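Peer 1: generate a structure from the sequence data that follows.
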Amino acid sequence: MVVAFEGWTDAGDAASGAVRKLIEACELEAFDEIEPEDFVDFALHRPVVRTLEDGTRALQWPATIAYAPTRPSSRTALAEDAGLDVSSGNEGEVFALVGAEPSRNWTAFAAEFLEIARGCEIDAIVFVGSMLADVPHTRPISTSITSDSAELQSRLGAVASDYEGPTGIMSVLALLAGEAGIATASLWASVPHYVHNASAPKAIVALLDRLSEMLDVTIPLGDLPEQAGEWERGIDEITERDDEMRAYIGKLEEQRDAVESPEASGEAIAHEFERFLRDQGPKPPRQGGSVPPAPPAEPRDDQPDEDAPPV
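Peer 2: Numbering: from 1, shown residues only. From the prediction side, this is the model:
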């Protein structure tokens with residue numbers, strides 16, 4: 001099962017956008033939901049008014065929807081006499097859940113979440129998130145995978161997290177799922193904090209690339225690569241008129257290139273991991289520029305400290 005929540009863990013709408021693209025590609029169909037009334041703060045996730053085909057107006061509440069496969073698994077048993085089972089893809093094996101991040105009653109929410117997972121006989125869950133970070137938009141979007149499961153660490157190249165401190169809903173669900181015998185992993189993308197008001201198609205592409213590898217599914221990107229190029233060019237055009245922003249982004253590029261260079265020491269990379277995990281991301285040098293600044297770095301109750309992995 002692949003899971004994403006709209007809200008603090010969905011910078012640039014990248015996590016929810018990637019999971020919704022996966023749902024479309026795998027032709028998943030809604031089959032269950034977690035009602036929002038007891039869990040969602042409607043001041044943060046407001047209901048939406050829609051006009052239906054017959055002209056009537058209706059409310060759409062921010063529920064959390066679970067999706068199941070609608071087509072047979074593409075796993076094909078070959079050379080049965082040799083006892084071999086060859087998989088041609090997992091499209092018919094993937095479930096998904098996406099919706100508004102719960103703001104309260106997390107224990108009850110987790111119980112409903114695990115009931116859905118058990119009912120679908122889920123054996124592994126991938127939580128998908130995206131977080132604002134001090135990274136440049138001109139470089140490939142960084143992604144990382146963490147897991148407490150030794151099996152998933154080996155299979156996915158994930159690393160274990162040793163973070164201790166305030167945590168977010170996805171870590172709560174991951175730990176409780178682990179206690180229930182369901183292996184979990186977390187896939188994260190980092191989104192430039194200085195464009196936090198805009199959707200980030202480049203981050204969606206990065207997450208879909210990793211999900212394709214992790215799940216062994218084919219996810220057509222459609223026009224997402226073109227949108228990603230337009231997104232990057234649009235930021236370039238804005239920052240080109242702001243000398244301070246251009247210099248600031250140049251420093252981010254230098255930091256990113258230094259960390260990724262072959263000469264980078266393990267200590268330098270570890271320092272970068274620690275900084276990304278704990279830092280809210282510095283504000284741009286000038287708040288009045290054309291590019292929106294990062295949000296204030298004051299502590300927040302809903303800050304996903306544990307949910308945010310190293311870059």
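Peer 1: which residues in the protein form strands?
Peer 2: 2-6, 29-34, 48-51, 57-60, 64-68, 75-76, 86-87, 96-100, 124-133, 143-147, 183-192 (DSSP state E).
Peer 1: now render these as a markdown table, adding mean neighbour count, mean pLDDT and distance to Val217.
Peer 2: Where C-beta positions appear, they are placed from N, C-alpha and C, glycine not excepted. Shown next, in a markdown table, are the strands of the chain (neighbours: other CB atoms under 10 Å; pLDDT from 0 to 100; distance: least, CB to CB, whole Å):
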| stretch | mean neighbour count | mean pLDDT | distance to Val217 |
| --- | --- | --- | --- |
| strand 2-6 | 25 | 96 | 10 |
| strand 29-34 | 15 | 94 | 16 |
| strand 48-51 | 10 | 91 | 30 |
| strand 57-60 | 9 | 90 | 28 |
| strand 64-68 | 21 | 95 | 14 |
| strand 75-76 | 12 | 45 | 12 |
| strand 86-87 | 11 | 36 | 11 |
| strand 96-100 | 23 | 95 | 11 |
| strand 124-133 | 26 | 94 | 11 |
| strand 143-147 | 21 | 92 | 16 |
| strand 183-192 | 26 | 94 | 14 |
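Peer 1: dump those to a markdown table, plus distance to Glu112.
Peer 2: Below are these laid out as a markdown table (distance: least, CB to CB, whole Å):
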| stretch | distance to Glu112 |
| --- | --- |
| strand 2-6 | 13 |
| strand 29-34 | 5 |
| strand 48-51 | 23 |
| strand 57-60 | 20 |
| strand 64-68 | 9 |
| strand 75-76 | 30 |
| strand 86-87 | 31 |
| strand 96-100 | 11 |
| strand 124-133 | 14 |
| strand 143-147 | 23 |
| strand 183-192 | 17 |
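Peer 1: out of the ones you listed, flag the one nearest Ala203.
Peer 2: Minimum separation from Ala203 across the strands of the chain (CB to CB) falls at strand 183-192, 4.5 Å.
Peer 1: tell me what angle that closest one forms with strand 143-147.
Peer 2: Strand 183-192 and strand 143-147 meet at an angle of 150 degrees, taking axes from the mean of the first three to the mean of the last three CA atoms, to 10 degrees as the criterion.
Peer 1: quick one: strands adjacent to strand 183-192?
Peer 2: Using DSSP bridges, strand 183-192 pairs in its sheet with strand 124-133 (parallel), strand 143-147 (antiparallel).
Peer 1: tell me the bridge partners for the closest residue to Gly119 other than its chain neighbours.
Peer 2: Excluding its sequence neighbours, the residue lying closest to Gly119 (CB to CB, 6 or more residues apart in numbering) is Asp32, at 7.9 Å. Listed by DSSP bridges, the beta-bridge partners for Asp32 are Ala66.
Peer 1: tell me the contacts of Asp32?
Peer 2: Residues in contact with Asp32 (CB atoms under 8 Å, 6 or more residues apart in numbering) are 65-66, 116, 119.
Peer 1: Leu187: which of those residues is nearest?
Peer 2: Ala66 (18.8 Å).
Peer 1: contacting residues around the closest one?
Peer 2: When contacts are taken as CB under 8 Å, 6+ apart, Ala66 is in contact with 30-34, 95-97, 116, 120.
Peer 1: if we use 10 Å, what do you get?
Peer 2: Residues near Ala66 by CB atoms under 10 Å, 6 or more residues apart in numbering: 1, 3, 28, 30-34, 95-99, 112-113, 116-117, 119-120.
Peer 1: equivalent analysis for Arg57, please.
Peer 2: The contact partners of Arg57, taken as CB under 10 Å, 6+ apart, are 49-51.
Peer 1: and Pro69, by the same measure?
Peer 2: So Pro69 contacts 26-29, 31, 90-96, 120 (CB under 10 Å, 6+ apart).
Peer 1: let's see that with 8 Å instead.
Peer 2: 26-29, 91-95.
Peer 1: highest neighbour count among the residues you listed?
Peer 2: Of these, Cys26 is surrounded by the most neighbours, 26 neighbours in total, counting by other CB atoms under 10 Å.
Peer 1: that one contacts Val217, doesn't it?
Peer 2: Yes: in this structure, Cys26 is within contact of Val217 by CB atoms under 8 Å, at 6.3 Å.
Peer 1: how much space between Leu252 and Arg139?
Peer 2: 8 Å (CB to CB, to the nearest Å).
Peer 1: neighbour-wise, which of these two wins?
Peer 2: Taking other CB under 10 Å, Leu252 and Arg139 do not tie; Leu252 has more neighbours (20 against 13).
Peer 1: can you tell me the closest non-neighbouring residue to the more buried one?
Peer 2: Leu252 sits nearest to Pro136 (CB to CB, 6+ apart), 4.1 Å away.
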